[in-house]
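>>> need the 3D shape of this:
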Amino acid sequence: MAKPAISTSISFNNGLKVPLFGLGTWKSKPGEVKEAVKHALLEAGYRHIDCALVYQNEDEVGQALKEVFDSGALKREDVFITSKCWNTFHSRAKVMEAVKKTLTSLGLEYLDLYLVHSSMGFREGDELFPKNEAGKMIYSDIDIVETWQGMEDVHKAGLAKSIGVSNFNSEQIAKILANCTIKPVNNQVEVHPYLSQVELVEFCKKHDITVTAYSPLGSPDRPWAKPEDPSLFEEPEIKKIAEAHNKTPAQVLLRFGVQRNLITIPKSVTPARIAENIQVFDFELSEDEMKTIYSFNKNWRACGREADVDHPLYPFKIPF
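Residues are numbered from 1 along each chain as shown. From the prediction side, this is the model:
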């Protein structure tokens with residue numbers, strides 16, 4: 001028997017529900033991610049797994065899902081599964097190609113949520129990171145409206161129940177809203193106390209678009225971290241709040257997202273951490289504590305992709 005789900009849900013603008021808490025799989029290495037997904041679903045009560053083609057581990061996530069479903073502990077409809085259309089699949093026909101690749105890898109007939117991974121298109125072809133001789137990414141000039149038309153095709157074909165975007169700014173979302181027949185249900189962006197994204201979250205809320213917070217702990221294990229980068233875990237005020245609630249700093253940071261009604265998807269492959277992370281529904285941060293945590297905002301990005309700042313559709317040039 002799988003452990004009963006402990007994550008509450010919120011609704012999309014199309015009426016479908018999404019669990020507020022999920023397991024992220026970015027940076028989860030092959031050989032680790034299968035057991036992590038199984039542990040999350042069977043032992044820790046997760047019902048939401050966040051994937052992406054570019055993570056290059058969807059085959060292994062698919063093996064985990066197959067074992068879980070074959071065991072009879074959970075059915076497909078019990079688990080909410082998100083994936084994303086990578087930057088090298090931005091032309092309309094390529095979006096369909098990308099989702100079919102993902103569905104084959106995951107061993108599924110449909111996704112619960114499919115997102116455009118980023119507003120920035122890269123040259124289409126066999127490489128996920130096409131670079132020129134100087135090591136610079138080769139961009140495509142495909143418009144996000146065309147990419148969105150491909151996403152609508154995916155939805156109409158029944159391959160994704162809901163569609164949305166990721167790493168889009170307010171102007172890019174407004175452009176989609178002005179040119180769509182199916183409205184995005186979600187924008188997945190980096191959110192944590194150093195990057196609280198208040199204006200973008202408000203903008204999305206105004207347009208009835210939910211927000212998913214990735215890197216909610218500030219992505220401390222990112223490969224490009226520098227020793228001088230700030231660390232949320234070392235903030236004395238965060239430690240103090242954690243002690244007051246008999247929780248860990250990580251749980252306080254995750255509760256900060258959940259309490260803002262943000263879908264929160266921390267990544268871990270460690271069973272104890274996977275179990276610990278989701279224990280955020282049995283306490284509440286006070287108004288003062290929330291204010292304190294908001295005060296850490298410094299618009300600092302762990303995942304800013306600064307190497308692509310010259311891309312015409314680079315999303316982080318404007319405040320939100």
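
>>> Val145: which element?
In the assignment (DSSP states H and E), Val145 maps to helix 144-156.

>>> adjacent strands (with direction) for the helix or strand that that helix is followed by?
The first helix or strand that comes after helix 144-156 along the chain, using DSSP H and E, is strand 160-166. Partners of strand 160-166 in the sheet, by DSSP bridges, are strand 111-116 (parallel), strand 186-190 (parallel).

>>> which residues touch the shortest one?
Outside of strand 186-190, the residues that reach it under the criterion CB atoms under 8 Å, 6 or more residues apart in numbering are 12, 18, 50, 82, 84, 113, 115, 162, 164-168, 173, 197, 200, 204, 209-215, 219, 263, 301-303. (Glycine included, C-beta is placed from N, CA and C.)

>>> mind listing the residues bridging to Asn186?
Beta-bridge partners of Asn186, as defined by DSSP bridges: Thr210.

>>> ok, now how distant is it from Thr82?
8 Å (CB to CB, to the nearest Å).

>>> what do those two both touch?
Taking CB under 8 Å, 6+ apart as the criterion, Asn186 and Thr82 both touch 113, 115, 212.

>>> filter those down to the buried ones, ChimeraX style.
Burial among the shared contacts of Asn186 and Thr82 is assessed by 16 or more other CB atoms under 10 Å; the matching ChimeraX selection reads:
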select :113,115,212
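
>>> only alpha carbons, please: show stretch 84-91 as PDB.
In PDB, the C-alpha atoms belonging to stretch 84-91 read as follows (Å, rounded to 0.1, in the frame of the first residue of the first chain):
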ATOM      1  CA  LYS A  84       8.300  20.400 -20.300                       C
ATOM      2  CA  CYS A  85       8.900  21.100 -24.000                       C
ATOM      3  CA  TRP A  86      12.600  21.900 -24.400                       C
ATOM      4  CA  ASN A  87      14.100  25.000 -26.300                       C
ATOM      5  CA  THR A  88      15.100  23.000 -29.300                       C
ATOM      6  CA  PHE A  89      11.400  22.000 -30.000                       C
ATOM      7  CA  HIS A  90       9.800  25.500 -30.400                       C
ATOM      8  CA  SER A  91       8.400  25.200 -33.900                       C
END
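
>>> show residues contacting it.
Applying CB under 8 Å, 6+ apart, the contact partners of stretch 84-91 are 51-54, 94-95, 97-99, 114-118, 120-125, 127-128, 130, 140, 142, 144, 146-147, 150-151, 166, 188.

>>> again with stretch 286-304
190, 192-196, 198, 214-215, 218-219, 222, 225, 229-230, 232, 235, 237-238, 241, 244, 252-253, 256, 259, 285, 316, 319.

>>> tally of neighbours for the residue nearest to Asn57 when sequence neighbours are not counted?
Sequence neighbours aside, Val33 is the residue nearest to Asn57 in space, at 4.8 Å (criterion: CB to CB, 6 or more residues apart in numbering). Per other CB atoms under 10 Å, the neighbour tally for Val33 reads 26.

>>> so which elements touch the helix holding Val145?
Packing contacts for helix 144-156, counted by 3 or more CB pairs under 8 Å, 6 or more residues apart in numbering; DSSP states H and E, involve strand 80-85, helix 92-106, strand 111-116, strand 160-166, helix 170-178.

>>> now tabulate these in JSON lines and tack on distance to Phe296 and mean pLDDT.
Listed next are the helices and strands packed on helix 144-156 as JSON lines, based on distance: least, CB to CB, whole Å; pLDDT from 0 to 100:
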{"stretch": "strand 80-85", "distance to Phe296": "27", "mean pLDDT": "98"}
{"stretch": "helix 92-106", "distance to Phe296": "35", "mean pLDDT": "98"}
{"stretch": "strand 111-116", "distance to Phe296": "27", "mean pLDDT": "98"}
{"stretch": "strand 160-166", "distance to Phe296": "24", "mean pLDDT": "98"}
{"stretch": "helix 170-178", "distance to Phe296": "22", "mean pLDDT": "98"}
